[in-house]
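Just need the structure, nothing else, for what follows:
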Amino acid sequence: MGHDHGHDHTHGANKKALMISFIITAVYMIIEVVGGIITNSLALLSDAGHMLSDAVSLGVGLAAFTIGEKAANDSKTYGYKRFEILAALFNGVTLILISLYILVEVYQRFIDPPKVASTGMMIVAIIGLIMNILVAWILMRGDTEENLNLRAAFLHVIGDLLGSVGAIIAALLIMFFGFGWADPLASVIVAVLVLISGWRVAKDSIHVLMEGVPRNVDFADIIKTVKDIPGIKSIHDLHVWSITSGKNALSCHAVIKGSSTFTECQLILREIEHRLQHKNIGHVTVQLEDDGHPHDDTITCQNDDGDAHGHHHH
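Coordinates of the predicted model:
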C-alpha cells in the first residue's frame with residue numbers, strides 16, 4: 001500500500017523533527033530561566049515559561065508518536081494513533097494556561113515596573129530568537145499541515161519566536177528610552193498570541209475526539225462521489241471521521257439498484273474505495289444493500305431529489 005508507506009515515512013520524519021527540536025528547546029530553556037532571574041526580566045521569564053511548555057509539548061508529542069507506533073490489539077483495535085490527538089489537546093490547554101498566568105503576572109509589573117538589566121536581557125533574547133528560528137525551521141520540514149500533534153508543537157515554537165522578538169524590542173526600549181513598561185507590554189503581546197494558538201489547537205483536537213468530519217474532507221462532495229457510481233441508488237448512515245491526523249475513515253450503507261451478482265457488488269465496492277482514496281479517505285467500510293432490504297434510517301443523508309437533510313455537517 002503506497003498510501004500507508006507514505007504515511008509511515010512522514011511519521012518518521014515528524015518524529016525526528018520533534019526529537020531534535022526537543023533537545024534544542026530544553027537546553028535553551030534552562031539558559032533563559034537563569035538569564036531571566038539574573039536580569040530580572042519578566043519578558044525573558046515569560047518566554048522561558050513558554051519555552052518550558054515548548055519542551056514539555058515537544059516531549060509529549062514525541063511520546064505520542066512513540067506510543068502511536070504500538071500495534072493494534074484486542075482492546076485498542078485502532079492501535080494507539082489517537083494518543084497523538086490527546087497530546088495535541090494537552091498542548092493546547094497548556095498554552096492557554098501559560099498565557100493566562102503571564103497576564104496575571106504582568107498586571108503587577110505594570111503597576112510597579114521593576115529594574116531590568118536590559119543588556120543581559122537583550123543578549124539572552126537574541127540567542128533565544130536564533131534558537132527558535134532553528135527549531136521552527138526543523139519543524140516546518142515536517143508535516144505541520146496534516147499532523148495536529150506536530151502543528152501544536154510548531155505553534156508553541158512560533159509563539160516563542162515572537163516572545164524573543166518582543167523581549168528584544170523591550171530591551172531596546174529600556175536601554176535607549178528607559179521605558180520600564182516595555183518589558184511587561186512585550187509579555188502581554190506574547191501571552192495573547194499564545195492564547196490564540198492554544199485555543200486553535202485545543203479546538204481542532206476536540207473536533208477530532210468528537211469524531212467530527214475532518215477538515216480536509218468535503219462531506220457533500222463525498223455523498224455526491226458515492227452516489228455518482230453506476231449501480232448505486234442511494235446511501236445512508238454515512239459517517240466520516242479521523243482516527244488521527246492524516247488518517248481518515250468512512251463507513252456507510254449503500255443501496256444498489258436491482259439485484260446484483262456477488263462479482264458486481266465487489267466491483268462497486270472497489271470503485272467506491274478507489275474514488276474515496278482521492279478524497280483523502282484511506283479507510284473505507286461499506287455495507288451494500290439491495291432495494292428490498294428495509295432499513296430504519298437513523299441518519300438520512302440524501303433524499304431522492306438530491307436535498308441533503310437530517311444530517312448536516314458544517
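
Quick check: longest helix in the protein by residues?
With secondary structure taken from DSSP state H, the chain has its longest helix at helix 2-39.

buried ones in that helix?
For helix 2-39, burial by neighbour count (16 or more other C-beta atoms under 10 Å) applies to 7, 10-11, 14-15, 17-19, 21-22, 24-26, 28-29, 32-33, 35-36, 39. C-beta coordinates here come from the backbone N, C-alpha and C atoms, glycine included.

again, but for stretch 241-256
Neighbour-count burial for stretch 241-256, counted by 16+ other C-beta under 10 Å, picks out 241-250, 252-256.

Now do the contacts for the residue nearest the centre of the chain.
The structure's the chain has its C-alpha centroid closest to Leu148; by C-alpha atoms, centre = their mean the separation is 2.2 Å. Residues in contact with Leu148 (C-beta atoms under 8 Å, 6 or more residues apart in numbering) are Glu84, Ile85, Ala88, Val201, Asp204, Ser205, Val208, Thr244, Ser245.

May I ask which of the residues you listed comes out lowest in pLDDT?
When these are compared by pLDDT, Ser245 scores lowest at 71.

Next, it: phi, psi?
Main-chain torsions, Ser245, degrees, to the nearest 10: phi -50, psi 130.

Does it touch Phe83 like I think?
No: at 11.4 Å, Ser245 and Phe83 do not qualify as touching, with contact defined as C-beta atoms under 8 Å.

any chance you could map the helices in the chain?
2-39, 42-68, 83-111, 118-140, 148-177, 182-209, 219-227, 262-277.

that older thread, between helix 262-277 and the longest helix of the chain, find me the angle.
Relative orientation of helix 2-39 versus helix 262-277 (axes from the mean of the first three to the mean of the last three C-alpha atoms, to 10 degrees): 30 degrees.

Run the chain-centre distance for helix 2-39.
The chain centre lies 15 Å from the centre of helix 2-39; the measure is C-alpha atoms, centre = their mean, to the nearest Å.

average pLDDT for it?
Here the average pLDDT along helix 2-39 is 73.

Which elements pack onto it?
On a contact count with 3 or more C-beta pairs under 8 Å, 6 or more residues apart in numbering; DSSP states H and E, helix 2-39 meets helix 42-68, helix 118-140, helix 148-177.

how much does the last one deviate in direction from helix 118-140?
Regarding helix 148-177 and helix 118-140, their directions subtend 160 degrees when assessed with the same axes, to 10 degrees.

any idea of the mean pLDDT for helix 148-177?
On average, helix 148-177 scores 81.

Now that helix: buried residues?
Neighbour count says helix 148-177 has 148-174 buried, by 16+ other C-beta under 10 Å.

which residues does Gly49 contact?
Gly49 sits in contact with Ile98, Tyr101, Ile102, where contact means C-beta under 8 Å, 6+ apart.

if we go to 10 Å?
Neighbouring residues of Gly49 by C-beta atoms under 10 Å, 6 or more residues apart in numbering: 29, 32-33, 36, 42, 98-99, 101-102, 105, 163, 187, 190, 194.

measure it to Phe65 for me?
25 Å (C-beta to C-beta, to the nearest Å).

Any idea how many residues pack against the closest residue to Lys15 other than its chain neighbours?
Using C-beta to C-beta, 6 or more residues apart in numbering and skipping the chain neighbours, the partner closest in space to Lys15 is Phe65 (4.4 Å). The local packing of Phe65 (other C-beta atoms under 10 Å) involves 23 other residues.

Tell me where the model's unsure across the chain.
Residues of the chain meeting the criterion pLDDT under 70: 1-11, 43, 47, 50, 71, 77-79, 114, 143-146, 259-260, 292-314.

50 instead?
1-5, 296-314 (pLDDT under 50).

tell me the domain boundaries of it?
Taking the TED database as the criterion, the chain consists of the domains 9-210, 219-289.

Most tightly packed of these?
Stretch with highest mean neighbour count among those: domain 9-210 (a mean of 20; mean count of other C-beta atoms under 10 Å).

so what's Ile30 up against?
Ala48, Met51, Leu52, Ala55.

If you could redo that for Glu271, that was the one I meant.
Under the criterion of C-beta under 10 Å, 6+ apart, the contact list for Glu271 reads Val226, Ile229, Pro230, Gly231, Ile232.

All set, thanks.
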